[in-house]
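Chemist: Whatever this is, show me its structure:
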Amino acid sequence: MAAVVAAPKAQTSRKGKKAWRKNVDISEVTTGLDQVRTEIIQGGIIAEKADEDLFTVDTTGSTNIRQKHFREVKPLKVDEILNARSSIPALINPKKRANPSGIEIGDGILPTKKHRKNGVSHKDLERLRRIAYGGEAAKDGVKTAKAADGQGLYDPWGDAVPDAEGTAAKMDKLTFVEKPKALNAPVTIKHAPIGITKEGEEAVPAVRLPDPGISYNPDFHMWDELISREGEKEVELEKKRLEFEEYEKKIFALADIESEEEEEEEEDDDEESDEEDEGDDKAIRKMPQRKTPAQRNKVKRRKEAERLARHQNKTEVQKRQLESLKELRKTLDVTLKERAVAKRTALTPAKRQVRRRKFDKSILPQPPLELQLPEELADSLRRLKPEGNLLRDRYRNLRERGVIETRANTQQKKAKRKITEKWSYKDWKP
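Modeler: The predicted structure follows:
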């Protein structure tokens with residue numbers, strides 16, 4: 001089969017000398033030069049190289065593993081650009097000395113600075129600077145080494161500085177400088193933190209062991225015992241709450257009865273006064289003459305008897321109410337004592353109320369109940385719901401031991417502003 005020959009390019013007109021030079025087709029020459037330049041950059045012209053440079057015998061094995069690795073982990077574009085080094089040497093600065101070979105090749109790495117043989121190191125320079133500006137504070141390098149290790153840190157409540165006597169003697173000579181005051185550490189800095197538990201109770205440990213029944217996969221007996229114990233506590237608290245509500249209702253009912261009786265007495269007084277006025281009017285109409293002293297005394301005695309009767313009835317009602325209040329008070333005191341005893345005996349040391357000493361009016365609340373009900377127990381790790389909070393438990397433990405104050409969050413109050421009218425209108429002059 002005959003070889004396919006490409007169609008020649010359309011030749012432009014070359015009538016004149018300028019057109020001849022301008023319209024000569026040199027595309028083949030330019031492509032050839034570009035190809036030669038590319039081969040030189042990649043290592044040299046292929047046609048001028050020997051066969052030993054172009055071909056090698058593969059004795060290292062297959063490269064499929066390496067190719068597979070590069071297919072899985074694609075190199076970054078920046079690495080490809082940096083690795084594409086040209087074999088053509090870089091431009092040479094004529095003012096710069098060249099290597100013994102005569103050519104200085106730049107690899108992109110800056111050369112390290114060489115220190116002078118008779119120069120001073122940075123460490124010695126710092127030591128000399130401290131000696132110059134600090135006097136006799138740093139005569140040798142031992143103190144600087146200690147400061148570098150962190151041993152020379154200043155402790156405001158620590159022992160006195162060894163050179164304190166010498167400095168004090170120097171300060172005594174200077175009359176225009178105030179003498180340094182001695183350090184007075186507070187006495188409480190050496191005291192142990194004061195816990196806020198009740199006196200006689202066990203000390204709160206730094207790390208308290210939890211009850212085995214609150215585990216995510218607890219033993220049935222431990223879990224059953226814990227849930228029954230906590231259930232009894234909640235039932236007792238609910239009973240006490242209902243009793244207290246009934247007591248409050250009784251108190252309010254008695255107060256309402258007393259107010260109603262007072263209102264009825266006031267209404268009776270008003271009605272009696274109205275009747276007396278009407279009777280007086282009728283009497284005046286029937287008997288226009290004035291009452292005799294005997295009649296007035298009789299009316300006074302009757303009013304006094306009625307007043308005494310009302311007062312006696314009122315005192316009897318108050319006596320009955322006081323007796324009932326005393327009985328209710330006694331029952332309430334008994335219930336409160338029973339509740340306190342029950343809490344003291346039933347609560348474990350981990351959940352006892354802390355009341356011995358406090359720094360603020362706020363009281364440390366009871367910890368949340370970490371207990372899972374039967375329907376909340378998970379039989380798989382996928383359905384497991386985490387409970388509790390180590391940070392919250394640690395913070396509560398610090399408050400119980402007295403390391404942190406038991407103080408409630410309070411919002412900052414704004415300062416009260418008083419608006420006044422200026423009396424500038426009084427400061428005028430005629």
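Chemist: wait, doesn't E370 sit right on S215?
Modeler: No. Taking Cβ atoms under 8 Å as the definition, E370 is not a contact partner of S215, at 10.2 Å. From N, CA and C alone the C-beta is placed, and that goes for glycine too.
Chemist: May I have the predicted confidence score for S228?
Modeler: Looking at S228, its pLDDT reads 90.
Chemist: Now do the same for L82: helix, strand or coil?
Modeler: Here L82 is helix, with the state taken from DSSP: H, G, I helix; E, B strand; the rest coil.
Chemist: Need the per-residue pLDDT for it.
Modeler: At L82, pLDDT is 84.
Chemist: Equivalent analysis for D333, please.
Modeler: Looking at D333, its pLDDT is 79.
Chemist: next one: A294
Modeler: At A294, pLDDT is 86.
Chemist: any idea which helix or strand carries A132?
Modeler: A132 belongs to helix 122-134 when assigned by DSSP states H and E.
Chemist: Could I get the average pLDDT for that helix?
Modeler: 82.
Chemist: list the helices and strands it packs on?
Modeler: Helix 122-134 sits against helix 142-149, with contacts defined as 3 or more Cβ pairs under 8 Å, 6 or more residues apart in numbering; DSSP states H and E.
Chemist: go with 6 Å
Modeler: Judged by 3 or more Cβ pairs under 6 Å, 6 or more residues apart in numbering; DSSP states H and E, helix 122-134 is in contact with no other helix or strand.
Chemist: List the buried residues in it.
Modeler: R127, R130 (16 or more other Cβ atoms under 10 Å).
Chemist: Count residues in the vicinity of R302, would you?
Modeler: 10 (other Cβ atoms under 10 Å).
Chemist: Can you report how many residues neighbour R401?
Modeler: Count around R401 with other Cβ under 10 Å applied: 19.
Chemist: Show me what stretch 368-385 is in contact with.
Modeler: Stretch 368-385 is contacted by residues I214, E230, E387, G388 when judged by Cβ atoms under 6 Å, 6 or more residues apart in numbering.
Chemist: could you redo the last one with a cut-off of 8 Å?
Modeler: P210, G213, I214, Y216, W223, L226, I227, E230, E387, G388 (Cβ atoms under 8 Å, 6 or more residues apart in numbering).
Chemist: CA-only coordinates of stretch 392-411 in CSV, if you can.
Modeler: Provided in CSV are the C-alpha atoms of stretch 392-411 (Å, rounded to 0.1, in the frame of the first residue of the first chain):
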residue,chain,number,x,y,z
ARG,A,392,-19.7,18.2,86.6
ASP,A,393,-18.8,15.4,89.1
ARG,A,394,-15.3,16.8,89.6
TYR,A,395,-16.6,20.4,90.1
ARG,A,396,-19.2,19.2,92.7
ASN,A,397,-16.5,17.2,94.5
LEU,A,398,-14.3,20.3,94.8
ARG,A,399,-17.2,22.2,96.2
GLU,A,400,-18.0,19.5,98.8
ARG,A,401,-14.3,19.4,99.9
GLY,A,402,-14.2,23.2,100.3
VAL,A,403,-11.6,23.8,97.6
ILE,A,404,-14.1,25.9,95.7
GLU,A,405,-16.8,28.1,97.3
THR,A,406,-20.4,27.0,97.0
ARG,A,407,-21.7,30.2,95.4
ALA,A,408,-24.6,30.7,93.1
ASN,A,409,-24.3,32.7,89.9
THR,A,410,-25.4,36.2,90.4
GLN,A,411,-26.0,38.8,87.8
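Chemist: for it, which positions count as buried?
Modeler: Buried residues in stretch 392-411 (16+ other Cβ under 10 Å): D393, R396, N397, L398, R399, E400, R401, G402, T406.
Chemist: Out of these, the closest to K330 would be?
Modeler: T406 (33.7 Å; Cβ to Cβ).
Chemist: Quickly note the distance from the closest one to E316.
Modeler: Distance of T406 to E316, given as Cβ to Cβ, to the nearest Å: 50 Å.
Chemist: do the same with E236
Modeler: Where E316 is concerned, E236 sits at a distance of 39 Å (Cβ to Cβ).
Chemist: So between the two, which is more surrounded?
Modeler: E236 (15 against 10).
Chemist: For that one, which residues are in contact?
Modeler: Contacts of E236 by Cβ under 8 Å, 6+ apart are R339, A342.
Chemist: in which helix or strand would I find it?
Modeler: helix 220-286.
Chemist: Can you spell out which helices and strands pack onto the helix or strand following that helix?
Modeler: Tracing the chain past helix 220-286, the next element assigned as helix or strand by DSSP H and E is helix 293-346. In this structure, helix 293-346 makes packing contacts with helix 220-286, judged by 3+ Cβ pairs under 8 Å, 6+ apart.
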